[in-house]
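>>> Coordinates only, no sequence provided:
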């Protein structure tokens, strides 16, 4: 965590901000503490983009997604901006620990048993996303945090559902922006990004698991055109070198070229749990061991005992999800999703 700059806000929505966690092209992320003592990561859109309707809608979509998904394998939404706030913001639970990407880079790949446990828990988390009628669209090692309670999926900035996917993808494709992270993208996400199914997320999960086991992705090329060609070419096989032999069938099934030939999440979980049983692990025992092996606090993690903010003299609004905007968006997205499923 870095110190706040003089120009940074000190408080937003009753949340006291203590430092900077990161910055992207469209916003900043701060570490904060709620009046109730919850430690949170607060994402705030830059003022330069706060008036752009497309940015506000995508941000509202992320808030909607986080409010719809519940479960221990997904980082929870704590609070969010109101619809009339000048700057969109959201606060999610602060998760200590390395990302899967940083853990593998610093400590090496997982063994077969821990890989099976990770795959099982990622399938659980992704299942919660899909049960809410959502697609993540950007599941990758950098969006998987290895907490003391096991892996958690984060970053719903590219989440989609029904009509929102169609309009958003068309808009971004027209502007030349890639939807997702190429090394973990499925063939159909490269070639037809407006017509995705949950199988696209399954592929990304499989590509992330392959990285966890080997430190490499299914396809790696120096140039982007060559990479995208390899991903979409049915004759170019993914690189499964380094995958423990007992996990090759399930990993290959997760990243099959054709979406209709991939394992679904229930099948994948059955396979992972069978592998754990064959190795002598009960699922719960494997999960505890995975957390013990992979949870390492980052040097940049804030102190664990930060006091909650003192109450201000004036009354503040209670942080809340922007319900009018979010509910309308969620209703429209859910209706579109149900209509698509009935076709």
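That came in fine, so what should we check first? Predicted model, so just to flag it, every value in this text is computed and none were measured.

>>> Count residues in the vicinity of residue 33, would you?
If you count neighbours by other Cβ atoms under 10 Å, residue 33 ends up with 21. Where C-beta positions appear, they are placed from N, C-alpha and C, glycine not excepted.

>>> so how far is residue 200 from it?
As for residue 33, its distance to residue 200 is 37 Å (criterion: Cβ to Cβ, to the nearest Å).

>>> in the stretch 1-150 of the chain, which spans are strands?
Applying DSSP state E, counting those that start in this stretch to the stretch 1-150 of the chain gives strands spanning 11-12, 15-23, 27-33, 39-45, 77-80, 89-93, 144-147, 150-153.

>>> Of all the ones you listed, which one is nearest residue 309?
Each of those was scored for nearness to residue 309 using Cβ to Cβ, and the closest is strand 15-23 (3.5 Å).

>>> Do I have it right that residue 257 meets residue 188?
No: Residue 257 is not in contact with residue 188 according to Cβ atoms under 8 Å; the separation is 9.4 Å.

>>> pLDDT below threshold where in the stretch 51-200 of the chain?
By pLDDT under 70, the weakly predicted segments of the stretch 51-200 of the chain are 157-180.

>>> let's see 80
Of all residues in the stretch 51-200 of the chain, those with pLDDT under 80 make up the ranges 83-84, 156-180.

>>> And the helices in it?
Listed from the start of the chain, the stretch 51-200 of the chain has helices (DSSP state H, counting those that start in this stretch) covering 53-68, 100-107, 112-131, 162-174, 187-191, 198-214.

>>> In CSV: these, plus mean neighbour count and distance to residue 153.
Conversion of the helices of the stretch 51-200 of the chain to CSV gives the following (neighbours: other Cβ atoms under 10 Å; distance: least, Cβ to Cβ, whole Å):
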stretch, mean neighbour count, distance to residue 153
helix 53-68, 21, 11
helix 100-107, 17, 10
helix 112-131, 23, 5
helix 162-174, 17, 18
helix 187-191, 20, 17
helix 198-214, 25, 9
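
>>> Which one, of those, ends up nearest to residue 93?
helix 53-68 (10.1 Å).

>>> tell me what that closest one is packed against?
For helix 53-68, the packing partners by 3 or more Cβ pairs under 8 Å, 6 or more residues apart in numbering; DSSP states H and E come out as strand 39-45, strand 77-80, strand 89-93, helix 162-174, helix 323-342.

>>> Check the spacing between the residue nearest to residue 224 when sequence neighbours are not counted and residue 144 real quick.
Nearest-residue entry for residue 224: residue 182, 6.8 Å, with adjacent residues in sequence omitted and distances by Cβ to Cβ, 6 or more residues apart in numbering. From residue 182 over to residue 144 the distance is 17 Å, taken as Cβ to Cβ.

>>> So which of those two has more stuff around it?
The residue with the greater number of neighbours, taking residue 182 and residue 144 and applying other Cβ under 10 Å, is residue 144; the counts read 27 against 17.

>>> which residues does the more buried one form a beta bridge with?
Residues found in beta-bridge contact with residue 144 (criterion: DSSP bridges) are residue 153.

>>> And the residue nearest the centre of this protein?
A centroid search over the chain (Cα atoms, centre = their mean) returns residue 154, at 3.3 Å, as the residue closest to the centre.

>>> Name the nearest residue to it, ignoring sequence neighbours.
Once its chain neighbours are removed from consideration, residue 154 has its nearest residue in residue 75; the separation is 4.7 Å (Cβ to Cβ, 6+ apart).

>>> what does residue 217 give?
Leaving out its chain neighbours, the residue that sits closest to residue 217 by Cβ to Cβ, 6+ apart is residue 183, at 4.1 Å.

>>> What separation do you get for that neighbour and residue 139?
For residue 183, the distance to residue 139 - Cβ to Cβ - is 12 Å.

>>> The two: which is more packed in?
When neighbours are counted by other Cβ under 10 Å, residue 139 comes out ahead of the other of residue 183 and residue 139, with 30 against 19.

>>> Go ahead and confirm that one touches residue 126.
Yes: at 6.9 Å, residue 139 counts as touching residue 126 under the criterion of Cβ under 8 Å.

>>> Give me the residues contacting stretch 286-295.
96-98, 103, 110, 113-114, 116-118, 120-121, 146-151, 276, 281 (Cβ atoms under 8 Å, 6 or more residues apart in numbering).

>>> what about 7 Å?
Applying Cβ atoms under 7 Å, 6 or more residues apart in numbering, the external contacts of stretch 286-295 come out as 97, 103, 113-114, 117-118, 121, 146-150, 276.

>>> For the host helix or strand of residue 268, what is the distance to the chain centroid?
According to DSSP states H and E, residue 268 maps onto helix 265-278. Computed by Cα atoms, centre = their mean, to the nearest Å, the separation of helix 265-278 from the middle of its chain amounts to 22 Å.

>>> ok, and the closest non-adjacent residue to residue 232?
Nearest-residue entry for residue 232: residue 187, 4.8 Å, with adjacent residues in sequence omitted and distances by Cβ to Cβ, 6+ apart.

>>> just checking, that neighbour touches residue 257?
Yes: Residue 187 lies in contact with residue 257 (Cβ atoms under 7 Å); the separation is 5.7 Å.

>>> residues near the residue nearest to residue 154, how many?
What residue 75 shows, counting by other Cβ under 10 Å, is a neighbour count of 22.
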